[in-house]
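**Q** My questions concern the predicted model and sequence given below.
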Amino acid sequence: MRFLVWVFRALIFFTLFAFALNNQQQANVRWFFGVEWHAPMVIVVLVVFAAGCALGVLAMVPSWWRHRREVRRLSPPAAAAAPSAHPDNLPSERPPEHPPREGL
């Protein structure tokens with residue numbers, strides 16, 4: 001499975017690398033009031049992609065805040081949820097460690 005993941009990553013990398021090599025010509029981005037920006041096409045695409053990602057994250061922030069407030073409101077207070085630190089309540093063995101995660 002790891003081999004297939006690395007093959008997939010290599011395929012994506014070489015596809016994007018070929019895209020960058022094929023789009024080295026200059027692009028003109030015309031803004032308002034006669035302002036122009038001259039840059040290679042791949043830079044323009046990268047900037048627009050990054051701006052779209054940033055705009056998407058900023059659009060999700062109010063929803064994330066609302067969900068955090070809701071979870072904080074519904075969860076019990078931390079003092080009531082914590083078990084007492086009396087030595088009789090502590091486990092005698094160390095809990096097992098989690099296995100390492102695999103994936104992308």
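**A** That came through, no problem.
**Q** By residue count, tell me the biggest helix in the protein.
**A** Ranked by number of residues, the top helix in the chain under DSSP state H is helix 41-74.
**Q** mind checking how far that helix is from the chain centre?
**A** Its chain's C-alpha centre lies 10 Å from the corresponding centre of helix 41-74 when counted by Cα atoms, centre = their mean, to the nearest Å.
**Q** count of residues packed around residue 4?
**A** When neighbours are counted by other Cβ atoms under 10 Å, residue 4 registers 8. The way it works is simple: take the backbone N, C-alpha and C, and place the C-beta from them, glycine included.
**Q** The one 3 residues further on too?
**A** The tally of other residues near residue 7 (other Cβ under 10 Å) stands at 10.
**Q** Please name every helix or strand in contact with the longest helix of the chain.
**A** strand 26-30 (3 or more Cβ pairs under 8 Å, 6 or more residues apart in numbering; DSSP states H and E).
**Q** from the chain's centre, how far out does the strand it packs on sit?
**A** The mean C-alpha position of strand 26-30 is separated from the chain mean by 29 Å, Cα atoms, centre = their mean.
**Q** my read is residue 39 is in a strand, agree?
**A** Yes. Secondary structure of residue 39 (DSSP: H, G, I helix; E, B strand; the rest coil): part of a strand.
**Q** Looking at the nearest residue to it once chain neighbours are set aside now. What's its pLDDT?
**A** For residue 39, ignoring the flanking residues on the chain, the nearest one in space by Cβ to Cβ, 6 or more residues apart in numbering is residue 27 at 6.2 Å. The predicted local distance difference test score for residue 27 is 88.
**Q** Would you confirm that residue 27 contacts residue 41?
**A** Yes. If you go by Cβ atoms under 8 Å, residue 27 and residue 41 touch, sitting 4.5 Å apart.
**Q** Could you tell me which residues touch both of those two?
**A** Taking Cβ atoms under 8 Å, 6 or more residues apart in numbering as the criterion, residue 27 and residue 41 do not both touch any residue.
**Q** Surely residue 44 is in contact with residue 29?
**A** Yes. Between residue 44 and residue 29 a contact is recorded at 6.1 Å, counting by Cβ under 8 Å.
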